[in-house]
Every structure is written in C-alpha cells, then in structure tokens.
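> Take this sequence and fold it.
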Amino acid sequence: MFKNIHLSKKLSKEEEVEKMLNAANAACKSISTQGVLNLGIESYIYSTHEAIEELGLDEELVQQLLEDYVSQIIKSVIQFREHITLLEDKKSSDYTPMRELAHKNLGVARNLRIKDAEKLLYELMKKDNLDYLKDCLMALELCAIKLKPTCAYETLQLIKIKQSI
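Residues are numbered from 1 along each chain as shown. Sure thing, here's the model as predicted:
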C-alpha cells in the first residue's frame, strides 16, 4: 500500500515518518468505514501495560518485542499479498499457506496483547472472501505502522533497498 507514497528526499527521516504516520491514520479512518468496521478496531490504541503486567516483562523488552513484531508484520504483508494474488489469478485454490502465515503472526500478536492485530489475523485465518481479506491485510499493515511508525518506516526502506538490488 505505501509503496505508492513517494517520500521526498528533502525531508528528514522524522518528517518522512510523520508523513507516513499521517497517511496511515487517514487510510485507517477510510478503511474503518468499509468491510473491517465490524471488527471494532478503528479506535483501538495499544498499551504495553497489559503485556508488561500479564507476562512479567519490563517496558524495554516489550518495546523491543513490538519492534520485532512490526518488522515481521510488514515483511509478512508481502507474503500475504503473494498468496492473495495466486488465489485471485486462480493459480491456486489453497488458502492453507496464507492461513499458516496468519496463525504464526497471530501467536505473536496474542503474546503481546495486540488486540486489533489479533482480530485481523484471525479473520485472515478463517475467511475466504478475497476482497475482505485484502481489506483486513491493509488494516493489519496500517495498524503495524501506527504501532511503531519509525520501525515500520525503517523496515519499508530496507525492503525497498533489497528489492532494488
């Protein structure tokens, strides 16, 4: 989704991250009026408190785990899109690889108590409507960006560099 946003080289990294976050917030408002509205994620704000308390972890460790999660989700979005494209093009009718990827990511989201991601990943595991799955995937990416925008930006930049090689 965000490969279509051309970030200016004249902006600082912080300005580019802010621009990406603003775009994610605007897109999130837009998508919440579409198919994923029934999930109740449009106003969700993550707090580390639950993960810290229930898992007995310190704030610094939870923050590092959140960064790892965001990076993992941003990378997984590419794989999800590939699976959806195969299904759309009728080159495959097997949802299993996509569901396994969703299950893997769902475990991490549950461990960190990221409620919006839990709902979206569950939908990606269970539903068959490709248009709905694309909406869920977009919402998942937006939620990851909002969770840790700097980490998401850096991951997207690394992906961009790797793809250009």
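
> Only C-alpha atoms from now on, for both contacts and neighbour counts.
OK.

> Excluding sequence neighbours, find me the nearest residue to the residue positioned nearest the centre of the chain.
The centre of the chain sits closest to residue 141, judged by CA atoms, centre = their mean, with a distance of 2.6 Å. Nearest non-adjacent residue to residue 141, counting by CA to CA, 6 or more residues apart in numbering: residue 74, 6.4 Å away.

> Once you drop chain neighbours, what's closest to residue 112?
Nearest non-adjacent residue to residue 112, counting by CA to CA, 6+ apart: residue 51, 5.5 Å away.

> Specify the local secondary structure of that neighbour.
helix (DSSP: H, G, I helix; E, B strand; the rest coil).

> Surely it is in contact with residue 61?
No: using CA atoms under 8 Å, residue 51 is not in contact with residue 61; the gap is 10.3 Å.

> Name the residue in these two with the higher neighbour count.
Neighbour totals were compared for residue 51 and residue 61, and residue 51 leads with 18 against 11 (other CA atoms under 10 Å).

> can you list the weak-confidence ranges in this structure?
1-9, 32-35, 37 (pLDDT under 70).

> try 50 this time
Along the chain, no part satisfies pLDDT under 50.

> Going along the chain, name the strands of it.
For the chain, applying DSSP state E gives no strands.

> Helices of that one, start to end?
If DSSP state H is used as the criterion, the helices of the chain fall at 13-31, 49-55, 59-88, 96-112, 115-126, 130-147, 149-164.

> possible to save those as CSV with distance to residue 43?
As requested, the helices of the chain are exported to CSV (distance: least, CA to CA, whole Å):
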stretch, distance to residue 43
helix 13-31, 9
helix 49-55, 18
helix 59-88, 19
helix 96-112, 18
helix 115-126, 9
helix 130-147, 11
helix 149-164, 17
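
> contacting residues for the residue nearest to residue 141?
141, 144, 152, 155, 156 (CA atoms under 8 Å, 6 or more residues apart in numbering).

> This completes my enquiry, with thanks.
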